[in-house]
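> this is a predicted model, with the sequence first.
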Amino acid sequence: MNHAVTIIGIAVAIILVGIAIFYNTGARKRPMQNSDRHREQLKLQYDTLKVRPTAIVDDEHFERLKKALDFEYLDKINDAFRNEHYDWSQKKINMHFRGLFRFFLMASIFRSKELFDKDIHRLWEVMRQFEEEYKTFCLQFFEGEITEDASERGERHAEERERFEVKYLLLFQLGEQTPTIWGEFFQYGDGKTFIDYIQHHDIDEVKREYMAESITPDAERTFENLYRHIKWGMETDADKLREQHPGPEGSQEDREMDVSILYFLSLRGETTEDEENELSQYTGRGSGFYATNESYGQMQKI
């Protein structure tokens, strides 16, 4: 009798271990992967890949990025990434694509090239697996090959994360989904020190401090536009600023907006309660999304 109980106990234990392995490996829930289906979904949701820069991004600068992002190349990256993240929707992956493209724009302008999201970093790693296509992209957009300086990973000064948010906010439209990727903005500061430096120094000093050392002419124009935009935003009458505040773009589920006017007014302490609420809606302030100052990778041009 005891022998039979022991055998049954062992059998039950084996079954339970098998079930645990089955669930933990994702075997039960993992769907069949299909490259054609991935390609079709990418086409159907291609609209949500729009980078939506603000008006201060030079047109030629942005057009070069668009031309460099070949659909066939994106299709390869998308298929490889979806095979890893089989439980992600195409819309979620496109949000991360958009974040990566925006990072490329920032990296082409600024000396510091910090990446603050591990999933976007992984997407960049997948992109680099296709060596020939990646090299072609880099030459078309950066006019040089961009690799990763892995020695620069790790915890960063909070000021770097703070500057990242300000640059991102000024160069791109933000949406309600923005904090789900980058985390809540302004957890490490509101960027006033960075803005003050630009406001009170001439353009050449600011370039020496923050602009990329190797930069294309159109990217340099974007940097100069940013410099002038900050000067204007911090010195112009509040009512005149409000006249320039744009409305949102995109569908309801993919709505984004240039919030730089609201940001300037907030720094100056001149926002209304409604304006503060609107700014919080797009920056995630108070949303509870954690914003890390850990760098998951930094670009270097070789």
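Yep, that arrived.
> all strands for the chain, in order.
Taking DSSP state E to define them, one finds strands in the chain at 114-115, 146-148, 154-155, 174-175, 256-257, 294-295, 297-301.
> with distance to Glu165, mean pLDDT and mean neighbour count added, can I get those strands in a markdown table?
Yep, even glycine has a C-beta here, placed from its N, CA and C like the rest. Formatted as a markdown table, the strands of the chain follow (distance: least, Cβ to Cβ, whole Å; pLDDT from 0 to 100; neighbours: other Cβ atoms under 10 Å):
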| stretch | distance to Glu165 | mean pLDDT | mean neighbour count |
| --- | --- | --- | --- |
| strand 114-115 | 11 | 89 | 22 |
| strand 146-148 | 22 | 84 | 17 |
| strand 154-155 | 17 | 66 | 9 |
| strand 174-175 | 10 | 94 | 24 |
| strand 256-257 | 16 | 94 | 20 |
| strand 294-295 | 14 | 87 | 17 |
| strand 297-301 | 17 | 81 | 18 |
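> out of the ones you listed, nearest to Gly189?
strand 114-115 (15.0 Å; Cβ to Cβ).
> pairing partners for the closest one, with directions?
Paired strands of strand 114-115, with direction, are strand 297-301 (antiparallel) (DSSP bridges).
> how far does the strand it pairs with sit from the chain's center?
15 Å (Cα atoms, centre = their mean, to the nearest Å).
> and the contacts of it?
With contact meaning Cβ atoms under 8 Å, 6 or more residues apart in numbering, strand 297-301 is reached by 107, 112-115, 121, 124, 142, 144-150, 152-153, 214.
> at 7 Å what do you get?
Outside strand 297-301, the residues that touch it by Cβ atoms under 7 Å, 6 or more residues apart in numbering are 107, 113-115, 121, 124, 142, 144, 146-149, 152-153, 214.
> just these now: which is nearest Ala291?
For the contacts of strand 297-301, the nearest to Ala291 is Glu114 (12.7 Å; Cβ to Cβ).
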